[in-house]
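**Q** what follows is a predicted protein model with its sequence.
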Amino acid sequence: MFRTALAAAVLFLAGASPALADPTGLRTTALAGVERTDAAPGSGASDGLYLGGQLGYDWRLGPVIVGVEGDLGGSSASQLVGSRQADQGVFASAAVRIAVPVTSSLRGFVRGGYAYHEVTYDTGRAFHGSGWTLGGGGELDVTQRVFVRVEYRYSDYGRTVRGQQFLGGVGLRF
């Protein structure tokens, strides 16, 4: 029973044809990677595991693909800032991206837009920072509907908080 359900799910995700589809339309991605945030420049950065999700939509404009994407995630990073413990909390962004086909199944992209980050302190106070994010990476189609993605992001959340994320993900096109 389990093998039959697994085989059906694989066939559904793989699509009916081995030919790769046009990478446009609605997509969702599960993201994971390493996140490094500097909650107080000069005090040293903290590293943590990043887990999140992303929802996006792409359009073909001539030879390029233009899209919008939003993501939400969290980190396990924690850092001592002076005498306070700072825990990295929620990360979110809303970005525009431009992708250029390298081959029929591989795209390189740049992305940029709005970024939000929350840092909570052991004193009960929290930092809510918003600013900008800029990054780039690549996507590789595995099937018509499934793709893998790697990317790097730099974000500036205002005042003194900055971060970097090195992410990988698996996505699904609808």
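**A** Good, I have the coordinates.
**Q** tell me the SS of the nearest residue to residue 89 once chain neighbours are set aside?
**A** Among residues not flanking residue 89 along the chain, residue 118 sits closest, at 3.9 Å (C-beta to C-beta, 6 or more residues apart in numbering). Glycine gets a C-beta too; all of them are placed from N, C-alpha and C. Three-state call for residue 118 (DSSP: H, G, I helix; E, B strand; the rest coil): strand.
**Q** tell me the contacts of residue 118?
**A** 89, 90, 126, 127, 128, 129 (C-beta atoms under 8 Å, 6 or more residues apart in numbering).
**Q** give me the number of residues near residue 149?
**A** Residues lying near residue 149 (other C-beta atoms under 10 Å) number 20.
**Q** name every strand pairing with the longest strand along the chain and say which way it goes.
**A** In the chain, assigned by DSSP state E, the strand with the most residues is strand 84-101. Strand 84-101 sits in its sheet next to strand 64-75 (antiparallel), strand 78-81 (antiparallel), strand 106-121 (antiparallel), going by DSSP bridges.
**Q** check which residues of the last one are buried.
**A** Applying a neighbour-count criterion of 16 or more other C-beta atoms under 10 Å, one finds 107, 109, 111, 112, 113, 115, 116, 117, 118, 119, 120 buried in strand 106-121.
**Q** most widely separated two among those?
**A** Farthest-apart pair in those is 107 and 120; separation 36.6 Å (C-beta to C-beta).
**Q** need the pLDDT of the residue nearest the centre of the chain.
**A** The centroid of the chain falls nearest to residue 31 when counting by C-alpha atoms, centre = their mean (5.5 Å). Model confidence at residue 31, expressed as pLDDT, equals 96.
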